[in-house]
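Engineer: Below is the structure, and that's it, no one-letter string:
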Ligand code: SF4
């Protein structure tokens, strides 16, 4: 079993672990831990997650425009925490470079890159044009399936969703059940200003495309520049009814 480290040469197209069995987190008292953490800081929530699931928890990051905050906090608690990153095959070079820059800067030692299954790509998207015909199927093939595979060995995961991002996220707790896994949302209570203040206070590098009018960055074919006054996610799947990729990582992806 191998997986690519962020500081290593580019990974082979499909060098990730095959689907693993999901350690069962059903029965874990999610509500009790969430209640206990109600007044906790994001760092304390991350630490609680790592303590509750030693060796069985990973973070998921898109290395997007807000990702540096969660990643910096994780690095403060444990730099060896697995950080799962999905390379869809349609990402901007700048995002891949930012992954490596941030990982090195924060000293993260376990950034793992996952790619779509090449056999599935060959069968379902041989011309790499599925994004135009059926973006939901494309996200399923290039994001949802690889994430399920990446999370296979873990009983819990940490992501960067915030309540301010959408009305559908307004009530997300710090800890919740997510199928057979437990999901931690340590940044849930933070607003956009909090994130900017945190990045400034810690001198964190910003995604290189942000200053060129890209407040939310995903795959190349589905990301466009946002005009002043537009919603930050207006450049995602522009012209289509689609607004989410289906994995709900929430850290700028
Ligand atoms: S964001 Fe676009 S290119 Fe990326 S996986 Fe989804 S549909 Fe495909």
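Structural biologist: All right, it came through fine. Not measured: the values here are computed from a predicted model.
Engineer: for residue 217, helix, strand, or coil?
Structural biologist: Put simply, residue 217 is coil when judged by DSSP: H, G, I helix; E, B strand; the rest coil.
Engineer: That one: what's it in contact with?
Structural biologist: Counting by C-beta atoms under 8 Å, 6 or more residues apart in numbering, residue 217 touches 64, 65, 92, 94, 95, 207, 209, 210, 223, 252, 253. No exception for glycine: its C-beta is placed from N, CA and C like everyone else's.
Engineer: need the residues you listed in a markdown table with pLDDT, can you?
Structural biologist: Putting the contacts of residue 217 into a markdown table (pLDDT from 0 to 100) gives the following:
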| residue | pLDDT |
| --- | --- |
| 64 | 95 |
| 65 | 94 |
| 92 | 97 |
| 94 | 97 |
| 95 | 97 |
| 207 | 97 |
| 209 | 95 |
| 210 | 94 |
| 223 | 92 |
| 252 | 49 |
| 253 | 50 |
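Engineer: Spatially nearest residue to residue 219, not counting backbone neighbours?
Structural biologist: Computed as C-beta to C-beta, 6 or more residues apart in numbering, the closest residue to residue 219 that is not its neighbour in sequence is residue 90, at 3.8 Å.
Engineer: Residue 222 now?
Structural biologist: residue 237 (5.1 Å).
Engineer: residues contacting that neighbour?
Structural biologist: By C-beta under 8 Å, 6+ apart, the contact set of residue 237 is 135, 222, 243.
Engineer: In this structure the first one contacts residue 240, no?
Structural biologist: This means residue 135. Yes - shown here, residue 135 and residue 240 form a contact pair, counting by C-beta atoms under 8 Å, at 6.3 Å.
Engineer: Compare those two (neighbour count), which wins?
Structural biologist: Under the criterion of other C-beta atoms under 10 Å, the comparison of residue 135 against residue 240 puts residue 135 first, with 18 against 12.
Engineer: How about that one: what's its closest non-neighbour residue?
Structural biologist: Leaving out its chain neighbours, the residue that sits closest to residue 135 by C-beta to C-beta, 6+ apart is residue 242, at 5.2 Å.
Engineer: What ranges does the stretch 101-250 of the chain have for its strands?
Structural biologist: Applying DSSP state E, counting those that start in this stretch to the stretch 101-250 of the chain gives strands spanning 111-114, 156-158, 175-178, 181-184.
Engineer: Would you map the helices across the protein?
Structural biologist: 30-36, 42-52, 67-77, 93-106, 118-124, 130-133, 135-139, 145-150, 192-201 (DSSP state H).
Engineer: what about the nearest residue to residue 81 once chain neighbours are set aside, neighbour count?
Structural biologist: Among residues not flanking residue 81 along the chain, residue 74 sits closest, at 5.1 Å (C-beta to C-beta, 6+ apart). For residue 74, the neighbour count with other C-beta under 10 Å is 26.
Engineer: separation between the one residue sitting closest to the centre of the chain and residue 113?
Structural biologist: For the chain, the residue nearest the mean C-alpha position is residue 61 (2.6 Å; C-alpha atoms, centre = their mean). Distance, residue 61 to residue 113, using C-beta to C-beta, to the nearest Å: 11 Å.
Engineer: Residue 218 too?
Structural biologist: Distance, residue 218 to residue 113, by C-beta to C-beta: 16 Å.
Engineer: Pretty sure residue 220 sits against residue 93.
Structural biologist: No - counting by C-beta under 8 Å, residue 220 does not reach residue 93; the two are 9.1 Å apart.
Engineer: the more surrounded of those two?
Structural biologist: The neighbour comparison of residue 220 against residue 93 (other C-beta under 10 Å) goes to residue 220, with 15 against 9.
Engineer: picking up where we left off before, pretty sure the residue nearest to residue 135 is in contact with residue 136, am I right?
Structural biologist: Yes - in terms of C-beta under 8 Å, residue 242 counts as a neighbour of residue 136; the distance is 6.7 Å.
Engineer: Before I go, just wanted to say thanks for your time.
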